[in-house]
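Next come a sequence and a model predicted from it.
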Amino acid sequence: MPSTIRLEVVTPFGLVYRDDIDYLKAPAVDGEIGILPQHAPLVTGLEIGILHVKKGGEEFKIAISEGFLEVKPDNINVIVRTAELQNDIDVERARRARERAEKRLKSGDNSIDRARAEAALKRALARLKAAEYSLQIQDD
Amino acid sequence: MESMRDIKRRINSIKNTQKITNAMKMVAAAKLRRSQEMAERARPFFNKTREIIYDVSQYTNDYTEHPLFLDKGGKRHLYIVINSDRGLCGAYNIKAVEKARDSFRPVEEVFLIVIGRHARDFFKKRNFNIVSEYINIPDYPDYRFSKRIADELISLYKEDIVDRVSIVYTHFNSVISQTAKLLPLLPLAALEKPEEKEDKMIDYLYEPSPDAVFDILLPAYINNILYSAILEAKASEYGAVMTAMDSATDNAEELIGELTLIFNRARQSAITTEITEIVGGAEALK
């Protein structure tokens, strides 16, 4: 029985990650789901958030935007608009994006696209959260 | 025979044209590099999306009544045709447009969404039913550009204005080779099997429910496909512009060569005439 499962994360900008992993936790539309090897085939939507990946005793994160997830007997496909490994995240840019989105939401201006600003804020927060985690690891 | 001045003028004007075509070729080459990279990077995304949708569509026909899924069997067919805004790109535009026109079947009622000025003018002139048009395509289209189009086509489909949707775009094989393709998008029940796809029955679980998943999956699928198709088309466009401008530059070179030859011949004959005149005059004075 295989103890790992192949994970592929693809975005319109290319393949972000491909490797055999031990465990994946993903932000599905109806709550977080955990996937171990031998999981039953599954299709679900993903929300903006963080993928937690465990591989050979290590754990890392991938910040993602909305998309979907497919689990097949021997692989997991994650298809999302954007995905960044925790070490590739541009923290400065995410911070600026957060400020911009917060300002926009606070302004109370009705001409703004609220849904879009909220999505931008969520994306920025997911990136920051994923990146923060990697900073903590580096401190240890 | 033309006078030497006329020939000189023609040579100069061709030289100027050649400078322009050469510059356009270089601009296209620079843009091609970037859009080719974008298109190629999006390919795994495009293929994976199609694969998943195909898998899902195969094994869930019985479970769902999702509006984007069912084949209503109607004859109203919406085609999305991707062209470019500018000409000077060889047969690029006309190939895609012809591909679309060849796919229209007589029994169908054709609706069109046109992307790019050329397709709009072509179908407008022929009085086709254009639902909407998207012109001024950005050089490097982003996700938002295709999202607008995807949203529109989904609502056309959901509101039961059209029964099927296909997309006609140009697939980028290489700089010198591009193929116009027709890709059915909706309904999902009528999807073609993607290439390189093994047959395997998979019984999926849907979290939280099939219809809830399809609500997310299907619009995303349409946008993913549309976005990738636009990128492919854009790379193809620059490839076509580059090839066209390259051969225009070559043709100009050839023409300049020929005209230079004619110019030299004209000059030679002028000199000969002059010499004959002088010799004749001297002869008469003897």
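Okay, I see it.

Report the spatially nearest residue to the residue in the stretch 1-150 of chain B that chain A sits nearest to, omitting neighbours in sequence.
The nearest approach of the stretch 1-150 of chain B to chain A comes at B:Arg41, 3.9 Å away (Cβ to the nearest Cβ). In short, each C-beta sits where N, CA and C put it, glycine included. Using Cβ to Cβ, 6 or more residues apart in numbering or on different chains and skipping residues adjacent in sequence, the residue nearest B:Arg41 is A:Gly14, 3.9 Å away.

Assess the claim that the one you found and B:Ala39 are in contact.
No - the pair A:Gly14 and B:Ala39 does not pass the contact test of Cβ atoms under 8 Å, sitting 11.1 Å apart.

Counting neighbours around each, name which of these two comes out higher.
B:Ala39 (22 against 15; other Cβ atoms under 10 Å in any protein chain shown).

any idea which helix or strand comes after the helix or strand that one falls within?
Using DSSP states H and E, B:Ala39 sits in helix B:4-59. As assigned by DSSP H and E, the chain's next helix or strand after helix B:4-59 is strand B:76-82.

Touching that following strand from outside, list them.
With contact meaning Cβ atoms under 8 Å, 6 or more residues apart in numbering or on different chains, strand B:76-82 is reached by B:96-97, B:100, B:103-105, B:108-116, B:119, B:123, B:131, B:149, B:153, B:156-157, B:161-170, B:185, B:226, B:229-230, B:233.

Narrow these to those in helices?
Under the assignment DSSP state H, the contacts of strand B:76-82 contribute B:96-97, B:100, B:103, B:119, B:123, B:149, B:153, B:156-157, B:226, B:229-230, B:233 to helices.

Whichever of those residues end up buried, select them in ChimeraX.
To isolate the buried ones among those in ChimeraX, judged by 16 or more other Cβ atoms under 10 Å in any protein chain shown, type:
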select /B:96,97,100,119,123,149,153,156,157,226,229,230,233
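
State the pair within the ones in helices among the contacts of strand B:76-82 that is farthest apart.
The most widely separated members of those, counting by Cβ to Cβ, are B:Val97 and B:Tyr157 (23.0 Å).

Quick one: mean pLDDT for the helix holding B:Ala39?
Mean pLDDT, computed over helix B:4-59, is 89.

helices or strands up against it?
Contact analysis of helix B:4-59 by 3 or more Cβ pairs under 8 Å, 6 or more residues apart in numbering or on different chains; DSSP states H and E lists strand A:5-11, strand A:14-21, strand A:67-71, strand A:75-80, helix B:210-285 as its packing neighbours.

what's the angle from the fourth one to strand A:67-71?
Same thing as strand A:75-80. Per axes from the mean of the first three to the mean of the last three Cα atoms, to 10 degrees, the angle that strand A:75-80 makes with strand A:67-71 is 180 degrees.

Relative to the next helix-or-strand element following strand A:75-80, what are the paired strands and their orientations?
Next helix or strand after strand A:75-80 toward the C-terminus (DSSP H and E): strand A:83-85. Within its sheet, strand A:83-85 is paired with strand A:58-64 (antiparallel), according to DSSP bridges.

and for the strand it pairs with, what are the contacting residues?
Taking Cβ under 8 Å, 6+ apart as the rule, strand A:58-64 contacts A:9, A:16-17, A:27, A:46, A:48-53, A:78, A:80, A:82-86, A:89, A:123, A:126-127, A:129-131, A:133-134.
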